[in-house]
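the sequence and its predicted three-dimensional model are supplied below.
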Amino acid sequence: MMADQGQPPSISPSTQASLSLAARVKDFYLKHEPACTTGFFIAGFLFDMLAVGRIDHLRNIIHQATYLFLCALLTGLELRELYGGFSPPRGMRTFWRYHTAATHFMLGTLLNIYTVFYFKSASLGASLVFLLILAAILAVNELKPFKTSGTTMRMGIFSLCLISYFTYLVPMLVGSLGTWPFLGSMTAAALVMGALAWLLQRRLPGHPYAVREHVLIPFVVVQACFIWLYFAKLIPPVPLSISSIGIYHDVCRVGDRFALTTTRPRWKFWQRGDQSFLSRPGDKVHCFVSVFSPTRFRERLQLRWLFLDPEAGWQESDVMALDIIGGREGGFRADSIKSYCRPGRWRVRVETSDRRELGRIDLTVTDDDSDAAPSPYTVLR
């Protein structure tokens with residue numbers, strides 16, 4: 001017995017509900033596509049901030065190197081196809097339709113990772129310009145026109161990712177920051193790009209200007225900008241980062257932890273310790289800082305105390321040298337003590353040996369003339 005061919009198949013109520021929900025979601029996305037794209041972009045960045053993990057994990061280093069290799073391979077093949085030097089084999093043609101999207105995805109992932117690294121390592125007061133530039137490039141990478149852009153644009157983004165990779169990898173391998181490790185990272189990136197250009201030139205012998213226009217010029221422009229930003233002290237000092245920084249009335253060691261004494265009202269949750277410092281005779285100001293650095297990494301930091309003079313501006317008061325040794329998950333911890341701080345605005349700036357700012361904290365010192373004694377409490381770090 002044959003079924004009636006004129007009757008449409010029945011759809012269960014649950015299936016109808018799911019189809020209706022999918023249609024509503026699709027309709028909402030189409031009506032609010034810019035806002036949804038921005039939301040996904042921000043959510044992806046926040047997710048990467050939590051998921052990337054330590055900068056010196058081997059799996060992260062290998063993961064980035066793999067993506068850089070694949071981006072170079074796919075973009076190089078695309079350039080050869082553009083000039084008639086490559087035709088995808090039959091078994092590769094289906095994938096090759098999506099090679100631009102694959103390159104876009106990997107470059108976007110790398111940009112996200114390096115933006116997270118720089119964001120964690122940055123003092124916003126000193127590195128805001130660089131972070132805004134990087135954020136703008138990251139946002140452009142998400143726009144539709146970039147997904148269909150040519151090899152020159154993608155090679156420029158690839159150059160930025162390649163330089164960022166070596167900018168933190170070389171100092172991490174050397175175990176210190178400074179001008180020479182930075183120049184070493186620039187040299188390593190130039191050698192890799194030079195090798196890529198040489199390989200492509202060998203496979204495009206009839207087009208002497210193709211490699212220069214699509215590969216070398218974008219790289220030279222990006223590297224020149226990067227070098228200028230470095231010597232202008234606008235690039236954050238990766239692979240270092242401030243884990244925490246705060247102002248306290250007292251700091252003492254308790255086993256492998258530190259007891260931090262503060263009088264800050266608990267409702268002022270946005271302050272890091274006693275940033276509104278009520279000073280009584282005999283009080284000392286403690287700046288407690290925790291700095292993350294990779295394993296076997298050594299660096300001499302400086303904690304610079306500055307006072308805001310109403311007429312002369314910020315004036316240097318004291319400098320404390322801090323030798324850090326990397327490897328600890330929670331960061332290398334130290335306490336800088338100022339025996340006397342006159343009333344007014346103060347700032348403690350954490351700097352690297354090459355005077356790049358790693359972090360800062362501001363505080364306001366006020367004489368406490370009240371009869372009631374403050375109510376101190378202690379937190380452990």
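Done, it's in. Keep in mind that what you see is a predicted model, and the values were worked out from it rather than measured. Residues are numbered from 1 along each chain as shown.

and the closest residue to T263 other than its chain neighbours, what helix or strand is that in?
On the basis of C-beta to C-beta, 6 or more residues apart in numbering, the spatially nearest residue to T263 that is not a chain neighbour turns out to be P374, at 4.0 Å. Where you see a C-beta, it was placed from the backbone N, CA and C, and this is true even at glycine. Per DSSP states H and E: P374 is located in neither a helix nor a strand.

could you do P205 as well?
Using DSSP H and E, P205 sits in no helix or strand.

burial of it, as a residue count?
Taking other C-beta atoms under 10 Å as the neighbour definition, P205 ends up with a count of 8.

cool, V222 as well?
A total of 22 residues lie near V222 under the criterion other C-beta under 10 Å.

what do you get for the one 3 residues further on?
One way to gauge burial is a neighbour count; for C225, by other C-beta under 10 Å, it gives 13.

do A312 as well
Each residue near A312 was counted by other C-beta under 10 Å, and the total is 8.

quick check: phi and psi on it?
Phi and psi for A312, reported as degrees, to the nearest 10, are phi -100, psi 0.

same deal with P237?
The phi/psi pair for P237 (degrees, to the nearest 10) reads phi -80, psi 60.

can you pull the contacts of it?
121, 177, 352, 354, 356, 358 (C-beta atoms under 8 Å, 6 or more residues apart in numbering).

from R212, how far out is it?
If you measure P237 against R212 using C-beta to C-beta, to the nearest Å, the figure is 33 Å.

same deal with A188?
Here A188 is placed at a distance of 21 Å from R212 (C-beta to C-beta).

what residue spans form the domains of this structure?
For the chain, the domain assignment from automatic domain parsing gives the residue ranges 52-231, 241-380.

dump these to CSV, plus mean pLDDT.
As requested, the domains of the chain are arranged in CSV below (pLDDT from 0 to 100):
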stretch, mean pLDDT
domain 52-231, 81
domain 241-380, 87
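
quick one, helices of the stretch 151-300 of the chain?
Listed in chain order, the helices found in the stretch 151-300 of the chain under DSSP state H, counting those that start in this stretch are 151-174, 179-203, 210-211, 217-231.

nearest to D323, of the ones you listed?
With respect to D323, and counting by C-beta to C-beta, the nearest of the helices of the stretch 151-300 of the chain is helix 151-174 at 16.4 Å.

tell me what the closest one is packed against?
Helices and strands touching helix 151-174, as assessed by 3 or more C-beta pairs under 8 Å, 6 or more residues apart in numbering; DSSP states H and E, comprise helix 58-82, helix 99-121, helix 124-141, helix 179-203, helix 217-231.

ok, which of those helices comes nearest D369?
D369 lies closest to helix 124-141 among these, at 32.4 Å (C-beta to C-beta).

mind listing residues that contact stretch 162-182?
Surrounding stretch 162-182, the residues in contact under the criterion C-beta under 8 Å, 6+ apart are 55-56, 61, 64-65, 68, 110, 114, 117-118, 184-186, 188-189, 192-193, 219, 222-223, 226, 230, 235, 237-240, 294, 296-299, 352-354, 356.

so for that stretch, what gets flagged as buried?
162-173, 175, 177-178, 181-182 (16 or more other C-beta atoms under 10 Å).

then stretch 331-348?
The neighbour-count criterion (16+ other C-beta under 10 Å) identifies 331-336, 338, 341, 346-348 as the buried residues of stretch 331-348.

ends of stretch 369-381, how far apart?
By C-alpha to C-alpha, to the nearest Å, the extent of stretch 369-381 from end to end equals 31 Å.

same thing with stretch 264-274?
Stretch 264-274 has an end-to-end distance of 5 Å (criterion: C-alpha to C-alpha).

can you check stretch 170-189 too?
10 Å.

and stretch 250-264, by the same measure?
Terminal residues of stretch 250-264 lie 13 Å apart, using C-alpha to C-alpha.

what are the buried residues along it?
Counting neighbours by 16+ other C-beta under 10 Å, stretch 250-264 gives 251, 258, 260-264 as buried.

so what's E316 up against?
Shown in contact with E316 (C-beta under 8 Å, 6+ apart): 304-306.

now the residues you listed as a markdown table including distance to I245 and neighbour count?
Shown next, in a markdown table, are these (distance: C-beta to C-beta, whole Å; neighbours: other C-beta atoms under 10 Å):
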| residue | distance to I245 | neighbour count |
| --- | --- | --- |
| R304 | 13 | 19 |
| W305 | 13 | 19 |
| L306 | 15 | 19 |
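
report the beta-bridge partners for V285.
As for beta bridges, V285 partners with K338 under DSSP bridges.

do L322 as well
Listed by DSSP bridges, the beta-bridge partners for L322 are L301.

export the helices of the stretch 151-300 of the chain as a markdown table, with columns for distance to E311.
Formatted as a markdown table, the helices of the stretch 151-300 of the chain follow (distance: least, C-beta to C-beta, whole Å):
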| stretch | distance to E311 |
| --- | --- |
| helix 151-174 | 40 |
| helix 179-203 | 35 |
| helix 210-211 | 58 |
| helix 217-231 | 31 |
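
for the ones you listed, which one ends up most surrounded?
Per-residue neighbour counts averaged over each of these give the maximum for helix 151-174, namely a mean of 22 (mean count of other C-beta atoms under 10 Å).
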